[in-house]
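Chemist: here you go, sequence then predicted model.
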Amino acid sequence: MKKLVFFASGSGSNFQSVIDAIKNKEITASISGLITDNPKSGAIERAKANHIPVAVIPFSPESHFSVQIEQKLAEWKPDLIVLAGYLKKVPDSIIESFKNQIINIHPSLLPKYGGKGFYGQHVHKAVIDAGDTVSGCTIHFVNGEYDRGSIIKQIEVPVHPDDTPTSLGKRILTKEHKLLPYVINQLIK
Ligand code: GRF
């Protein structure tokens, strides 16, 4: 059975979508662990509720951040690493060791509205300010540059004239929860 490791900083709803897909037998895989930089991440409770091991590895220059992550990955031996709302840059050493085995989900139609600073509501505000009528979500492989690895799959989502960043973000998130399990399933098959 293929092993997944998740990295998440936020509420962890995308992480939950894969936990649920595994429970519902839509994906045949196991989740070996969750890595988070944020001790308050909602993903931690979701992991604990499902008996998934958690490593809280906050970022600081003195923390041997990359070594701690490398040690966890050596222990958990993932076939696929999933960045699901992880707000730190994954160390280059890890990107090198797991070429084409790390994916990220992003709430826009990359290459639009990607890169440093484009996360959460900032993405949706930029889409609305630009007057775009379509946005969406993207899953891509992770390379050394933020949001720039090759695109695996996207879903388009309409932008409504009265949308706020919050309403648009919610509409996109429901599609993310479909896209992520789908792509993981395709990749591990
Ligand atoms: C999602 O919108 C994802 O695309 C982005 O961060 C958000 C994470 O949401 N990278 P959640 O923590 O999975 O609820």
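Modeler: Done, it's in.
Chemist: quick one: is stretch 173-184 near the ligand?
Modeler: Yes: residues of stretch 173-184 are located near the ligand by CB under 6 Å from any ligand atom, namely 173, 176. For every residue, glycine as well, the C-beta is placed using N, CA and C.
Chemist: can you tell me what sits against that stretch?
Modeler: 4, 13-14, 17-18, 20-21, 26-27, 29, 80, 82, 84, 103, 105, 107, 136-137, 139, 152-155, 157 (CB atoms under 8 Å, 6 or more residues apart in numbering).
Chemist: go again with 7 Å.
Modeler: By CB atoms under 7 Å, 6 or more residues apart in numbering, the residues outside stretch 173-184 that reach it are 4, 13-14, 17-18, 21, 26-27, 80, 82, 84, 103, 105, 107, 136-137, 139, 152-153, 155, 157.
Chemist: ok, which of the residues you listed also contact the ligand?
Modeler: Judged by CB under 6 Å from any ligand atom, the overlap between the contacts of stretch 173-184 and the neighbourhood of the ligand comprises 13-14, 84, 105, 107.
Chemist: so of those residues, which ones are in helices?
Modeler: Secondary structure assignment (DSSP state H) places 13-14 from those within helices.
Chemist: pull the number of nearby residues for Thr164.
Modeler: The tally of other residues near Thr164 (other CB atoms under 10 Å) stands at 13.
Chemist: please name the residues that touch the nearest residue to it once chain neighbours are set aside.
Modeler: Using CB to CB, 6 or more residues apart in numbering and skipping the chain neighbours, the partner closest in space to Thr164 is Ile128 (7.5 Å). Counting by CB under 7 Å, 6+ apart, Ile128 touches 159, 163, 165, 168.
Chemist: and Asn38, by the same measure?
Modeler: With CB under 7 Å, 6+ apart as the criterion, the residues that contact Asn38 are Ser9.
Chemist: before we move on, the earlier item: the residue nearest to Thr164 and Thr166, how far apart?
Modeler: Between Ile128 and Thr166 the computed distance is 11 Å (CB to CB, to the nearest Å).
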